[in-house]
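A.B. asks: structure for the following, please:
(one chain, ligands or ions: 1)
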Amino acid sequence: MTYKVLIANRGEIALRALRACRELGMKTVGVYSDVDRDLKHLKFADETVCIGPASPAESYLNIPSILSAAELTEVDAIYPGYGFLAENHEFAGQCNKSGYKFIGPDAETIKKMGDKITAKKFVEKYNIPTVPGYSKDLPNDEAKIKHIVKNIGYPVILKATAGGGGRGMRVVDKEENLINLIEITKQEALNAFGNEKIYIEKYIENPRHIEIQIIGDGKGDAIHLGTRDCSVQRRHQKIIEEAPALNLDKNNLDKTLQACVNLCKEIKYEGAGTLEFLYEDAGFYFIEMNTRIQVEHPVTEMITGFDIVKAQIKIALGINYDLDQSKVNFKGHALECRINAEDPETFQPCPGEITKMHTAGGFGIRYDSHIYSGYNVSPYYDSLLAKIITQANSRSSAIKRMLSALDEFFVEGIKTNQSLHQKILKNEIFVNNKHTIKYLERDFFKNNEL
Ligand code: ADP
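C.D. replies: Numbers count the residues shown, from 1 in each chain. Got it, this is the predicted structure:
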């Protein structure tokens, strides 16, 4: 039987999914908004369907429109990618109910992990350490709230339980600001996510962002594909990622990896998932689980040779898939630089036409991108243009390879953050792997005129 998969996304991840489907001998359906007719993956898809106008709410987030496209083309499954509807439990449920297998975990798991308080309480049952804090409903009494926070210890971070994408968080460093900031954060959470529920966590001052990639077969078996370090961030958005994360406490790492695998086995987790942690003073603190493919998945693929996207598709469609931890071998080190269409000094998005460009290539270099000369970068969607990934025997060789790749790569017509990457990769703190999530905003920009 030849399966047909609808790719409910755009840009580089749609192309990544299309490539995986083609290798698996599957047919593909590409969907697109009015302004996206020239997306690269559409040129290779077996069928294409326009799902609405440019505004994401009317196209890539439009569930009825995507389901109509699925019905029209009679697909077997829907690949969500990341962003848009990838973590929308209603979408997952409706796909499955309509007879189009959602490629990912079931709607209930997505819902549970999508609410940060529920997720935290849930993973604690599996001996996964979380950030200390207060997750119950806050009392109405100001004195009681102050007492609770005093016990956690300042500084704390207020977080919207429905938050995401680095939004809905606020740090409080002294008691006199507490009540006021709680009110502001609640109001913002209500406006942004339609849910004013917030919770309080100890603010971890100088951690690394470490994540663990897991794969479950949906039947009770699961493996891990090791760690990634995504500490190079600006405004909680990742810029450079690498695998594996180096210099972690071996004992705590082994325990945490095992706890993550156990959780996924217990809940019969299906597909790819990532547990995200803050790491400080040898301790892991869970912050959230993403029930989808991550932008940075290629670094894990490069050091394991494990095709995560193919695994997602095969598992979802019930194609024989044997998960065996003993067959996962880690080789060398991989880095990923996210090339964004943005001004490297102001970080303002920089849409427009790419008049001329050249990709990077060579031994140990992977290039995941949908752009080409003449492609028009739309202002409607995120600014990710390309992911350059290098793999080498050591971290320092992977950095040198990346610098060479970045020298080769060029884009004309729009601005990109390429020069920012080149500077970070030569910066002593990064080169010595001493950076934390504070590095870019606190250390780097202070000393670098961009
Ligand atoms: P989102 O879902 O919006 O990405 P996360 O919970 O994953 O939110 O947190 C994103 C980033 O916010 C983290 O990588 C880290 O930089 C910062 N952060 C979150 N929780 C804490 C905390 N308790 N202490 C310090 N920084 C935090």
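A.B. asks: give me the mean pLDDT for the helix or strand containing residue 215.
C.D. replies: Here residue 215, judged by DSSP states H and E, is contained in strand 208-217. For strand 208-217, the mean per-residue pLDDT is 98.
A.B. asks: moving C-terminal from that strand, which element do we reach first?
C.D. replies: Counting by DSSP H and E, what follows strand 208-217 is strand 222-234.
A.B. asks: before we move on, the earlier item: the strand holding residue 215 pairs with which strands?
C.D. replies: strand 222-234 (antiparallel), strand 270-280 (antiparallel) (DSSP bridges).
A.B. asks: now the ones you listed as JSON lines including mean pLDDT?
C.D. replies: JSON lines is the format used below for these (pLDDT from 0 to 100):
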{"stretch": "strand 222-234", "mean pLDDT": "97"}
{"stretch": "strand 270-280", "mean pLDDT": "98"}
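A.B. asks: list the buried residues of stretch 280-298.
C.D. replies: Within stretch 280-298, the residues scored as buried using 16 or more other Cβ atoms under 10 Å are 280, 284-298. In this view, the C-beta of every residue, glycine as well, is placed from N, C-alpha and C.
A.B. asks: the residue in the stretch 251-400 of the chain positioned nearest to the ligand: what's it in contact with?
C.D. replies: Taking Cβ to the nearest ligand atom as the measure, the stretch 251-400 of the chain has residue 287 as its residue closest to the ligand, at 4.1 Å. Counting by Cβ atoms under 8 Å, 6 or more residues apart in numbering, residue 287 touches 116, 130-131, 276-278.
A.B. asks: per-residue pLDDT, residue 353?
C.D. replies: Residue 353 is given a pLDDT of 98.
A.B. asks: so what's it bridging to?
C.D. replies: Following DSSP bridges, residue 353 is listed with bridge partners residue 376.
A.B. asks: still on that earlier bit, and the contacts of residue 287 near the ligand, which?
C.D. replies: Among the contacts of residue 287, the ones lying near the ligand by Cβ under 6 Å from any ligand atom are 131, 276, 278.
A.B. asks: residue farthest from the centroid of the protein?
C.D. replies: Centroid-distance maximum for the chain: residue 143 at 38.6 Å, with Cα atoms, centre = their mean.
A.B. asks: so which helix or strand takes in that one?
C.D. replies: Using DSSP H and E, the element containing residue 143 is helix 142-152.
A.B. asks: what strands line up against the helix or strand that that helix is followed by, and which way round?
C.D. replies: Counting by DSSP H and E, the element after helix 142-152 in chain order, helix or strand, is strand 156-160. As defined by DSSP bridges, the strand partners of strand 156-160 come to strand 169-172 (antiparallel), strand 198-202 (antiparallel).
A.B. asks: how far does strand 156-160 sit from its chain's centre?
C.D. replies: Mean-position distance between strand 156-160 and its chain equals 21 Å (Cα atoms, centre = their mean, to the nearest Å).
A.B. asks: ok, back up a step: is the strand holding residue 215 anywhere near the ligand?
C.D. replies: Yes: counting by Cβ under 6 Å from any ligand atom, the ligand is contacted by strand 208-217 at residue 209.
A.B. asks: with only the CA atoms kept, save that strand in PDB.
C.D. replies: Extracted in PDB, the C-alpha atoms of strand 208-217 (Å, rounded to 0.1, in the frame of the first residue of the first chain):
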ATOM      1  CA  ARG A 208      22.300  26.100  30.600                       C
ATOM      2  CA  HIS A 209      19.300  25.000  28.500                       C
ATOM      3  CA  ILE A 210      19.700  21.200  28.000                       C
ATOM      4  CA  GLU A 211      17.200  19.000  26.300                       C
ATOM      5  CA  ILE A 212      16.600  15.300  25.900                       C
ATOM      6  CA  GLN A 213      15.300  13.800  22.700                       C
ATOM      7  CA  ILE A 214      13.100  10.700  23.100                       C
ATOM      8  CA  ILE A 215      11.300   8.500  20.600                       C
ATOM      9  CA  GLY A 216       8.400   6.200  21.700                       C
ATOM     10  CA  ASP A 217       6.600   3.600  19.600                       C
END
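A.B. asks: phi, psi for the residue of the stretch 351-450 of the chain found nearest the ligand please.
C.D. replies: Closest contact between the stretch 351-450 of the chain and the ligand, by Cβ to the nearest ligand atom, is at residue 437 (4.3 Å). When quoted as degrees, to the nearest 10, the phi and psi of residue 437 stand at phi -70, psi -10.
A.B. asks: ok, it to residue 255 distance?
C.D. replies: 23 Å (Cβ to Cβ, to the nearest Å).
A.B. asks: between the two, who's got more neighbours?
C.D. replies: Neighbours per residue, other Cβ atoms under 10 Å: of residue 437 and residue 255, the larger number sits with residue 437, 23 against 15.
A.B. asks: so the more buried one sits against residue 203, correct?
C.D. replies: No: using Cβ atoms under 8 Å, residue 437 is not in contact with residue 203; the gap is 11.6 Å.
A.B. asks: surely the residue of the stretch 251-400 of the chain closest to the ligand is within a helix?
C.D. replies: No: in this structure, residue 287 is strand, not part of a helix, as judged by DSSP: H, G, I helix; E, B strand; the rest coil.
A.B. asks: relative to residue 383, which of the buried residues of stretch 280-298 is nearest.
C.D. replies: Set against residue 383, the nearest of the buried residues of stretch 280-298 by Cβ to Cβ is residue 295 (12.3 Å).
A.B. asks: now do the SS call for the nearest residue to the closest one once chain neighbours are set aside.
C.D. replies: Sequence neighbours aside, residue 82 is the residue nearest to residue 295 in space, at 6.0 Å (criterion: Cβ to Cβ, 6 or more residues apart in numbering). The local conformation at residue 82, judged by three-state DSSP, is coil.
A.B. asks: what's the local residue count around residue 82?
C.D. replies: Neighbours of residue 82 (other Cβ under 10 Å): 17.
A.B. asks: name all residues that make contact with it.
C.D. replies: 9, 13, 292-295.
A.B. asks: how near is it to residue 296?
C.D. replies: 10 Å.
A.B. asks: for residue 334, helix, strand, or coil?
C.D. replies: Following three-state DSSP, residue 334 is assigned to strand.
A.B. asks: bridging residues for it?
C.D. replies: Beta-bridge partners of residue 334, as defined by DSSP bridges: residue 243, residue 391.
A.B. asks: going forward, begin numbering at 614 instead of 1
C.D. replies: Sounds good: first residue 614 from here, last item residue 947.
A.B. asks: list the contacts of the nearest residue to residue 850 once chain neighbours are set aside.
C.D. replies: Nearest residue to residue 850, sequence neighbours excluded (Cβ to Cβ, 6+ apart): residue 779, at 5.8 Å. Counting by Cβ under 8 Å, 6+ apart, residue 779 makes contact with 848-850.
A.B. asks: so which of these reach the ligand?
C.D. replies: For the ligand, the contacts drawn from the contacts of residue 779 by Cβ under 6 Å from any ligand atom are residue 849.
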